[in-house]
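**Student:** After the sequence you'll find the predicted model.
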Amino acid sequence: MMFLSVRKQKRAIADQQSLQNSLAPGDRVMTTSGLYATVVDAEDDTTILLELAPGVTTEWVRAAVREKVKDTADEDVDVDEVDETPAPAAAEKANESKAEIAPPLEQGKNNR
């Protein structure tokens, strides 16, 4: 059992190292802290430059890259299929609140 556990862990480490070595400019990645960014420069062996937003580039340790992610801009989304206009009844229900209003604190103390 111990042999299988060690082998699985070694395979996971090897997969992570191959991912980090395969990074190239333009790749969309997620860091271990959950930050999404685009690889700008991957020439250095230990660090990598990531673009967080247009014009905002930071330097990261390669080990901080968890995975490559599919760029959402590549997905084909037909805007005409989405109807963003709320139905009148749904809009009215959204404005109604079913929450009860608590009595003021002073009034609640007097009732005890």
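**Tutor:** Received, thanks. As the structure is a computational prediction, the values presented were derived from the model and not from experiment.
**Student:** where's the spatially closest residue to residue 64 that is not a sequence neighbour relative to residue 68, distance?
**Tutor:** Ranked by C-beta to C-beta, 6 or more residues apart in numbering and with sequence neighbours excluded, the top spatial neighbour of residue 64 is residue 31, at 4.9 Å. Every residue, glycine included, has its C-beta placed from N, CA and C. Noted for residue 31: a distance of 12 Å to residue 68, by C-beta to C-beta, to the nearest Å.
**Student:** Tell me which of these two has more neighbours.
**Tutor:** residue 31 (18 against 15; other C-beta atoms under 10 Å).
**Student:** I figured that one hits residue 61, correct?
**Tutor:** No. Taking C-beta atoms under 8 Å as the contact criterion, residue 31 and residue 61 are not neighbours in contact, 9.6 Å apart.
**Student:** Contact partners for residue 40?
**Tutor:** Under the criterion of C-beta atoms under 8 Å, 6 or more residues apart in numbering, the neighbours of residue 40 are 25, 49, 50, 51, 57.
**Student:** I misspoke; the intended subject was residue 52.
**Tutor:** Contact partners of residue 52, counting by C-beta under 8 Å, 6+ apart, are 35, 37, 58.
**Student:** got a winner among these for most neighbours?
**Tutor:** Counting by other C-beta under 10 Å, residue 37 has the largest number of neighbours within those, with 22 neighbours.
**Student:** Which strand residues bridge the residue nearest to that residue when sequence neighbours are not counted?
**Tutor:** Here the nearest residue to residue 37 in space, its sequence neighbours aside, is residue 50; by C-beta to C-beta, 6+ apart that works out to 3.7 Å. The residues listed as beta-bridge partners of residue 50 by DSSP bridges are residue 39, residue 58.
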